[in-house]
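Q: heads up, no residue letters with this:
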């Protein structure tokens with residue numbers, strides 16, 4: 001049999017399984033219990049947060065009953081639950097055909113339910129054709145419109161729907177679900193690796209499951225999924241390399257930072273990838289400095305969190321804010337410069353000089369200057385936690 005991807009095999013099958021959208025799931029479930037089901041709904045949210053899955057679950061709760069019907073609805077193959085991709089059916093003639101067929105009663109369920117995905121892709125004429133039917137549909141018809149770009153859906157359409165906004169999933173919610181999937185697949189995965197996958201998914205469960213699928217395929221035999229495997233698969237800078245460069249910056253060791261950076265670039269890491277990873281690392285350090293070691297704003301666990309906490313003791317928050325701004329500026333400049341490597345090297349030297357710049361600022365303000373440190377010293381003298 002052909003392989004079915006994780007995002008399809010581990011799709012939510014009931015309201016209780018919807019990850020991160022509990023309030024929406026409860027509201028829809030209670031609407032059915034209280035017989036207060038509206039004629040049209042608008043599900044809004046970024047990709048992979050459960051809009052289509054929730055639409056199917058809602059349709060199953062309205063029309064389901066037998067295992068055969070439930071399975072057909074959840075697979076998008078039921079005769080009474082019609083799924084339409086507006087991206088490929090955006091013309092007015094296709095919408096008019098939908099409206100013409102809406103007058104016919106469902107074959108076996110209570111309702112004829114139209115799930116229109118990416119509804120914002122409909123043409124203006126198609127929206128106008130849908131408008132009247134959406135306002136006063138036949139009693140046996142329900143509409144569920146899904147979109148990632150609600151600003152492209154006309155206000156006249158939105159006003160005729162009950163709107164539900166699906167939020168992005170947190171790293172903790174995604175990593176917890178990934179751990180359950182790994183358990184179901186009998187695959188071992190490090191907690192740090194699952195956290196890293198969840199961070200890369202940017203709130204999308206589907207993206208996280210797709211990446212986990214790739215990691216499972218990339219393993220050798222029953223190899224454990226690790227951060228190193230993830231970095232190798234995506235061509236990301238090794239976490240240890242970024243840590244080493246940041247440590248060199250903490251010690252004002254410009255030479256060491258430049259050499260480590262050069263080694264990374266020689267391995268095929270792009271400047272954009274390096275700067276992005278550096279910014280994320282500096283952000284974690286800044287959050288620990290500002291919010292404390294136990295802050296939930298840092299999406300790391302275990303040994304990875306311990307290393308960030310330890311490294312944060314070599315910085316203060318003002319210096320980290322300055323370093324992040326420098327890296328962000330370098331990101332933009334290297335994309336358009338004819339000499340991007342020179343810009344990157346200059347930024348690395350400037351980052352290593354952050355301590356000296358801070359000393360000059362304090363001197364001008366009449367404050368004390370930190371004692372000079374040789375390259376390779378363990379901590380910054382300006383650290384609040386040192």
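A: Received it, and whenever you're ready, just let me know what you need. Everything numeric in this text was worked out from a predicted model, so none of it was measured. Residues are numbered from 1 along each chain as shown.
Q: so which helix or strand takes in the nearest residue to residue 192 once chain neighbours are set aside?
A: Of all residues not flanking residue 192 in the chain, residue 304 sits nearest, at 4.7 Å (Cβ to Cβ, 6 or more residues apart in numbering). The way it works is simple: take the backbone N, C-alpha and C, and place the C-beta from them, glycine included. The secondary structure element spanning residue 304 is helix 302-312 (assigned by DSSP states H and E).
Q: any idea of the mean pLDDT in that helix?
A: For helix 302-312, the mean pLDDT works out to 89.
Q: ok, and for that helix, which residues are buried?
A: For helix 302-312, a neighbour-count test (16 or more other Cβ atoms under 10 Å) marks 304, 305, 308, 309, 311, 312 as buried.
Q: go on, stretch 87-101?
A: Across stretch 87-101, burial judged by 16+ other Cβ under 10 Å covers 89, 90, 92, 94, 95, 98, 99.
Q: chain center to it, what's the gap?
A: Relative to its parent chain, stretch 87-101 has a centroid offset of 32 Å by Cα atoms, centre = their mean, to the nearest Å.
Q: cool, stretch 294-307 as well?
A: In terms of Cα atoms, centre = their mean, the centre of stretch 294-307 is found 18 Å from the chain centre.
Q: ok, now stretch 269-286?
A: 17 Å.
Q: who touches it?
A: Residues outside stretch 269-286 that contact it (Cβ atoms under 8 Å, 6 or more residues apart in numbering): 235-237, 242-243, 245-246, 261, 264-265, 298, 300, 308, 311-312, 315, 317, 320-321, 323-324, 327-328, 330-331, 334-335, 340-341, 344.
Q: Helices - which of the residues you listed land there?
A: Among these, DSSP state H puts 242-243, 245-246, 261, 264-265, 308, 311-312, 317, 320-321, 323-324, 327-328, 330-331, 334-335, 340-341, 344 in helices.
Q: For ChimeraX, what selects the buried ones among those?
A: Applying 16+ other Cβ under 10 Å to the ones in helices among the contacts of stretch 269-286, the buried members can be selected in ChimeraX as follows:
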select :242,243,245,246,261,264,308,311,312,317,320,323,324,327,330,331,334,340,344
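Q: What lies in contact with the helix holding residue 304?
A: Under Cβ under 8 Å, 6+ apart, the answer for helix 302-312 is 191-192, 195, 227, 239, 243, 246-247, 250, 281, 284-285, 288-289, 293, 298, 300, 385.
Q: quick one on the thing from earlier: could I get the buried residues of helix 302-312 as TSV with distance to residue 168?
A: Output for those, formatted as TSV (distance: Cβ to Cβ, whole Å):
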residue	distance to residue 168
304	22
305	22
308	23
309	26
311	28
312	26
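Q: out of the buried residues of stretch 87-101, what pair is the most spread apart?
A: The largest separation in the buried residues of stretch 87-101, counting by Cβ to Cβ, is between 90 and 99 at 14.8 Å.
Q: which element is residue 115 on?
A: With DSSP H and E as criterion, residue 115 is part of strand 112-117.
Q: Identify the residues contacting that strand?
A: 51-52, 55-56, 59, 62-63, 80-87, 98, 102, 104-106, 122, 140-146.
Q: Check these for burial and list the buried ones.
A: 51-52, 55-56, 59, 62-63, 80-84, 86, 98, 102, 106, 122, 140-146.
Q: Show me where the stretch 151-300 of the chain has its helices.
A: Applying DSSP state H, counting those that start in this stretch to the stretch 151-300 of the chain gives helices spanning 155-158, 171-185, 191-200, 205-218, 227-234, 239-250, 254-266, 271-291.
Q: Tabulate those helices (JSON lines), appending distance to residue 35 and mean pLDDT.
A: Output for these, formatted as JSON lines (distance: least, Cβ to Cβ, whole Å; pLDDT from 0 to 100):
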{"stretch": "helix 155-158", "distance to residue 35": "24", "mean pLDDT": "94"}
{"stretch": "helix 171-185", "distance to residue 35": "32", "mean pLDDT": "94"}
{"stretch": "helix 191-200", "distance to residue 35": "39", "mean pLDDT": "91"}
{"stretch": "helix 205-218", "distance to residue 35": "31", "mean pLDDT": "95"}
{"stretch": "helix 227-234", "distance to residue 35": "48", "mean pLDDT": "91"}
{"stretch": "helix 239-250", "distance to residue 35": "54", "mean pLDDT": "93"}
{"stretch": "helix 254-266", "distance to residue 35": "62", "mean pLDDT": "94"}
{"stretch": "helix 271-291", "distance to residue 35": "47", "mean pLDDT": "94"}
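Q: and of these, who's closest to residue 131?
A: Residue 131 lies closest, by Cβ to Cβ, to one member of the helices of the stretch 151-300 of the chain: helix 155-158, at 5.9 Å.
Q: Show me which positions of that closest one end up buried.
A: Buried residues in helix 155-158 (16+ other Cβ under 10 Å): 157, 158.
Q: same check, this time on stretch 23-39
A: Using 16+ other Cβ under 10 Å as the test for burial, stretch 23-39 gives 24, 25, 28, 29, 31, 37, 39.
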